[in-house]
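# Structure, please.
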Amino acid sequence: MSASSDVFGRKHLSVLNRTGPSSPSHFLLEDPGNHPDAAPPVGKSIEQTVVGVLKTIYDPEIPLNVYDLGLIYRATADENGKVQIDMTLTSPGCPVAGVLIRQVHDQVRKVPAVKWVRTELVWDPPWTKERMGDAAKLALGLL
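As a prediction, the model looks like this:
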């Protein structure tokens, strides 16, 4: 594993071992959506659908979804179907880091009308239990 900083001074830890021209960082996944020409969900924005999908992905070590656990720092979609996910992990030594990030990325790619997904692992700001939603805190006995 190696650490580096981006142009914004955010610190990153290399756990994905992914490099290439479209992803200069070891912590970045970029791919087209699996169903870019599908109709968007009825009555929901792409962003709302993405958040719903994120709430179905569970951290294998903690029985909570990655969204309520506070691991998703940003989940945005523009009008062209481009989605940006910034996420973190509870610790840099997380043994399922690569698997969890890949799962988030691949599940978001399946959302209808998503044309491009960019998933980035970030470490700043560091994750703390204050980032968890109330439901997650209640489930862990922190409320």
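# quick one: contacts for the residue lying closest to Tyr67 once chain neighbours are set aside?
Once flanking residues are discounted, Tyr67 sits nearest to Leu54: 4.2 Å by C-beta to C-beta, 6 or more residues apart in numbering. Every C-beta, even on glycine, is put in place using the N, C-alpha and C of the backbone. Leu54 is in contact with 65-67, 72, 75, 85, 104, 107-108, counting by C-beta atoms under 8 Å, 6 or more residues apart in numbering.
# most surrounded residue in those residues?
Per-residue neighbour counts (other C-beta atoms under 10 Å) across the contacts of Leu54 peak at Val108, which has 28 neighbours.
# thought it was touching Val114?
Yes - A contact is recorded between Val108 and Val114 when judged using C-beta atoms under 8 Å, the distance being 6.5 Å.
# anything in contact with each of the two?
Common neighbours of Val108 and Val114, counting by C-beta under 8 Å, 6+ apart, are 50, 83.
# Point out where the chain drops to low pLDDT.
Judged by pLDDT under 70, the chain has its weakly predicted residues at 1-26.
# repeat that with 90
1-27, 39-43, 60-63, 79, 90-98, 135, 139-140, 142-143 (pLDDT under 90).
# In it, which helix is the longest?
For the chain, the helix reaching the highest residue count under DSSP state H is reported as helix 97-109.
# for that one, packing partners?
The elements that helix 97-109 packs onto, with contact taken as 3 or more C-beta pairs under 8 Å, 6 or more residues apart in numbering; DSSP states H and E, are strand 28-32, helix 46-54, strand 82-87, strand 116-121.
# let's see it at 10 Å
The elements that helix 97-109 packs onto, with contact taken as 3 or more C-beta pairs under 10 Å, 6 or more residues apart in numbering; DSSP states H and E, are strand 28-32, helix 46-54, strand 72-77, strand 82-87, strand 116-121.
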